[in-house]
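Chemist: Got a predicted structure plus its sequence, pasted below:
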Amino acid sequence: MAQDHGHSPAEITERLANGSQTQYLREMVFGGIDGAVTTFAIVAGVEGAGLSHGIILALGAANILADGFSMAAGNYSGTKAEVDDRKRIVEIEERHIRFHRDGEIEELRQILHQRGLSGDVLEDATQAIAADKKKWIDMMLTDEYGLPRDAPAPFRAALATFVAFLIAGSVPLLPFVFQMENAFVVSVVATLVTFFLIGTAKSIWSLAKWWWSGAETLLIGALAAGIAYFVGGLFHP
């Protein structure tokens, strides 16, 4: 969902000067869903097996730290690979501009033509962009290779994933930490609410209604928890 903004000359100038702001909503949603699902799966499985609450806390805490770190590390590695690939492509384009400048200018011209420019306007725009190598390469990155304008930040993406995993993954364990009465029932309710809230947050960057996105995520989490509880029950003494 695009964020609303003003359209006065001053507001437009300020917004464009700040550039595009990298959003980490995707990483937070993925981390939150995985954290809540995997931790509650442990809670439901251990409860279904009739084991002690101490085992729930031990396995749950281990899952939050180990699996959360693993997911964050995987996100970091994947995002870092995107950054490295972006640098590789920039080097290729710089080499092409140096040794095949005429061909690259023609490529730029055709890209601008596909955007609707023609005639003298097309030629002027081609020469103007080609005069600034950085802007030239930036356009090739987006239009030729389909990359985003700004490079991602691996550490921030990993941190967003880990924090979301840690927060959402802690929810199923809190009733057992505080030794609440009917801790498992409270954990079920709290976790389902967490699934729903994550789903509503997910709707910010989708076309789905917030209530539908929330219900969809809740259903996915409930199914995962039900499977874990059923499997745990198979080992109940």
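Modeler: On my side now, so go ahead. Residues are numbered from 1 along each chain as shown.
Chemist: C-alpha from now on. contacts and neighbour counts both.
Modeler: Noted.
Chemist: quick one: the spatially most distant residue from the centre of the chain from Glu104, how far?
Modeler: Each residue of the chain has a distance to the centre, and by Cα atoms, centre = their mean the biggest one is for Asp120: 42.4 Å. To Glu104, Asp120 is 19 Å away according to Cα to Cα, to the nearest Å.
Chemist: quick one: contacts for Gly32?
Modeler: By Cα atoms under 8 Å, 6 or more residues apart in numbering, the contact set of Gly32 is Thr161, Ala164, Phe165, Leu166, Ile167, Ala168, Gly169, Ile198.
Chemist: Following the chain onward from the helix or strand Ile137 falls within, which element is next?
Modeler: In this assignment (DSSP states H and E), Ile137 forms part of helix 133-143. Downstream of helix 133-143, the next assigned helix or strand under DSSP H and E is helix 154-170.
Chemist: ok, then the element right after that next one?
Modeler: Per DSSP H and E, helix 154-170 leads on to helix 174-177 as the next helix or strand towards the C-terminus.
Chemist: Mind checking the pLDDT average for that following helix?
Modeler: Across helix 174-177, pLDDT averages out at 95.
Chemist: and that helix, what other elements does it pack with?
Modeler: Applying 3 or more Cα pairs under 8 Å, 6 or more residues apart in numbering; DSSP states H and E, we find helix 174-177 packed against helix 53-62, helix 183-202.
Chemist: Work out the gap between that helix and the centre of the chain.
Modeler: The chain centroid and the centroid of helix 174-177 are separated by 28 Å under Cα atoms, centre = their mean, to the nearest Å.
Chemist: go on, stretch 48-65?
Modeler: Remark: stretch 48-65 is offset 28 Å from the chain centroid, using Cα atoms, centre = their mean.
Chemist: which parts of the longest helix along the chain are buried?
Modeler: Among the segments of the chain that qualify as a helix by DSSP state H, the longest is helix 68-99. For helix 68-99, a neighbour-count test (16 or more other Cα atoms under 10 Å) marks 68-69, 71-73, 75-76, 79-80, 82-83, 86, 89-90, 93-94, 97 as buried.
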